[in-house]
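Colleague: Kindly return the folded structure for what I paste below:
(one chain, ligands or ions: 2)
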Amino acid sequence: MNNPSQSGLNVGIVGATGLVGSMMLSLLAERNFPVNRLRLFASPRSAGNRLSFAGKDVVVEDASAADYSGLDVVFFSAGGSTSKALAEKVAAAGALVIDNSSAWRSDPEVPLVVAEVNPHALRNIPKGIVANPNCTTMAAMPVLKPLHEAAGLKRLIASTYQAVSGGGLEGIEVLRKQVVAGAEGCAALAQDGQGVDLGTPEKWVVPIAYNVVPLNYVLGEDGYTEEELKLRDESRKILELPDLRVAATCVRVPVFTGHSLSMNVEFEHPLSVEAALDMLKDAPGVELSEVPNPLDATGKDPVFVGRVRRDPTVINGLTLFVSGDNLRKGAALNAVQIAEVWLSQKG
Ligand SMILES: NC(=O)C1=CN([C@@H]2O[C@H](COP(=O)(O)OP(=O)(O)OC[C@H]3O[C@@H](n4cnc5c(N)ncnc54)[C@H](OP(=O)(O)O)[C@@H]3O)[C@@H](O)[C@H]2O)C=CC1
Ligand SMILES: N[C@@H](CC(=O)OP(=O)(O)O)C(=O)O
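Modeller: Ligands and ions are numbered 1, 2, ... in the order given. A predicted model of the protein is given here:
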């Protein structure tokens, strides 16, 4: 990897025109990340467009044709296939790659890092690539880590409530269109119980507006979806608990931004509600809330946790609810935090 210059780092963003890429641009400015030069990349469709950073226009480059030499850190948020195709090439050119996609998360030579939870994993980056977790998994980790340290995490049962912005700009547009199309029909539904016609479903298997979609992404092993398996496999890797038992149901809901999880957590040892709350109030990246909800979480850095109560179905268990901004902590913020930790570890 290159040695960043004194005047700051040469930073790249692949997927700069997308939802996560735009958030990354805002956060680099908001957090005063030491940027010397910024280069922006996207698909050939956007090449030549201009985006603004620190009061200056930056021309978007075609990611597939670009020369990546001279960059210190490159953030990727352009989907798994783009990361698979380009991340190794960019790392070989000398940059640290911080990848938001799922392309490298299960690679044993690629650290999968939540900044507050396992920053130590950044001490060894054999491929020059660091993976940022899935946005749903990310919301759970800062909450589960301190509870695990106190009582030993044994089993997790989770149901998610995932915003449409998890499906990028397209997800937002699909919900917007269906909300508008269904508004009058919904008034009729309230009056006479008749169904609402939202037209042919787009992006998800059934309409997302005025609905919930419990088949969120393609099916993987044993009837679980890829998203549900990511929650299991990424939690195991981040928490360093290879045998952690996880059963998840991931559901897309008509919320624009903010992912939530209802979690039943079983522990090896007793953990009272009071002790858990006491720990969570001081946990980095976590804020207690009486009613965690995605609207309140939107635009905020921490994940919000509340409704903490004993799970009476197991000997040592808690039930709780978490909401976090999937575009900030769930994606762009954690990626920038990884770069900050990496930089501080370099000294
Ligand atoms: N949204 C979320 O909550 C999360 C997203 N992520 C990851 O980030 C990625 C991007 O998400 P998001 O920003 O929401 O998606 P968007 O659909 O909003 O943006 C996609 C971005 O990828 C770019 N892109 C698409 N195809 C290519 C290509 N072949 N070469 C280069 N760039 C390309 C697009 O460029 P163009 O404008 O030119 O088409 C655009 O900049 C996801 O695929 C996922 O891997 C991770 C965690 C959470
Ligand atoms: N799957 C996430 C978004 C995402 O892009 O996930 P991943 O980075 O694991 O592909 C969501 O829907 O809400």
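
Colleague: looking at it, residue 306 is touching residue 293, isn't it?
Modeller: No. Counting by CB atoms under 8 Å, residue 306 does not reach residue 293; the two are 9.2 Å apart. Heads up, the C-betas are built off the backbone N, CA and C, glycines and all.

Colleague: Can you name the residue of this protein nearest to ligand 1?
Modeller: Residue nearest to ligand 1 within the chain: residue 18 (2.1 Å; CB to the nearest ligand atom).

Colleague: What spatial separation is found between that residue and residue 78?
Modeller: 7 Å (CB to CB, to the nearest Å).

Colleague: ditto for residue 171
Modeller: In terms of CB to CB, residue 171 sits 16 Å off from residue 78.

Colleague: ok, those two, which is more surrounded?
Modeller: residue 78 (25 against 21; other CB atoms under 10 Å).

Colleague: residues near the closest residue to the more buried one other than its chain neighbours, how many?
Modeller: Ranked by CB to CB, 6 or more residues apart in numbering and with sequence neighbours excluded, the top spatial neighbour of residue 78 is residue 15, at 3.2 Å. For residue 15, the number of neighbouring residues by other CB under 10 Å comes to 26.

Colleague: Phi and psi next, for residue 15.
Modeller: Dihedral pair for residue 15: phi 100, psi 30, per degrees, to the nearest 10.

Colleague: Could you list which residues are in contact with the residue in the stretch 151-300 of the chain positioned nearest to ligand 2?
Modeller: Residue nearest to ligand 2 within the stretch 151-300 of the chain: residue 166 (1.9 Å; CB to the nearest ligand atom). By CB atoms under 8 Å, 6 or more residues apart in numbering, the contact list for residue 166 reads 135, 136, 252, 259, 326, 330.

Colleague: Among these, which ones are in strands?
Modeller: Here DSSP state E is the test, and the contacts of residue 166 give residue 259 as lying in strands.

Colleague: Looking at the contacts of residue 166, spot the one nearest residue 183.
Modeller: Residue 183 has its nearest neighbour among the contacts of residue 166 in residue 252, at 19.9 Å by CB to CB.

Colleague: surely the closest one meets residue 216?
Modeller: Yes. Applying CB under 8 Å as the test, residue 252 and residue 216 come out as touching, 4.5 Å apart.

Colleague: of these two, who's got more company?
Modeller: Legend: neighbour count by other CB under 10 Å for residue 252 and residue 216, higher for residue 252 (28 against 23).

Colleague: Tell me which residues touch that one, please.
Modeller: 162, 164, 166, 167, 204, 208, 212, 213, 216.

Colleague: residues contacting the residue nearest to residue 219 when sequence neighbours are not counted?
Modeller: Nearest non-adjacent residue to residue 219, counting by CB to CB, 6+ apart: residue 225, 5.8 Å away. Shown in contact with residue 225 (CB under 8 Å, 6+ apart): 215, 216, 217, 218, 219, 250.

Colleague: ok, now residue 243?
Modeller: residue 236 are the contacts of residue 243 under CB under 8 Å, 6+ apart.

Colleague: hang on, the earlier thing: quick one: secondary structure of the residue of the stretch 151-300 of the chain closest to ligand 2?
Modeller: Under DSSP: H, G, I helix; E, B strand; the rest coil, residue 166 falls in the helix class.

Colleague: Find me the pLDDT at it, would you?
Modeller: We have a pLDDT of 96 for residue 166.

Colleague: now the one 4 residues further on
Modeller: Residue 170 is assigned 95 on the pLDDT scale.

Colleague: what helix or strand is it on?
Modeller: helix 168-192 (DSSP states H and E).

Colleague: Please parse this protein into its domains.
Modeller: Per automatic domain parsing, the structural domains of the chain span 9-132+332-346, 137-169+198-326.

Colleague: quick check, the longest one touching ligand 1?
Modeller: Yep, that's domain 137-169+198-326 we're talking about. Yes. Using CB under 6 Å from any ligand atom, domain 137-169+198-326 reaches ligand 1 at 165, 166, 168, 169, 326.

Colleague: excluding its backbone neighbours, what's nearest the third one?
Modeller: Pointing back at residue 168 there. residue 19 is the one closest to residue 168 (CB to CB, 6+ apart), at 5.5 Å.

Colleague: any weak-confidence spans in the chain?
Modeller: 1-6, 186-195 (pLDDT under 70).
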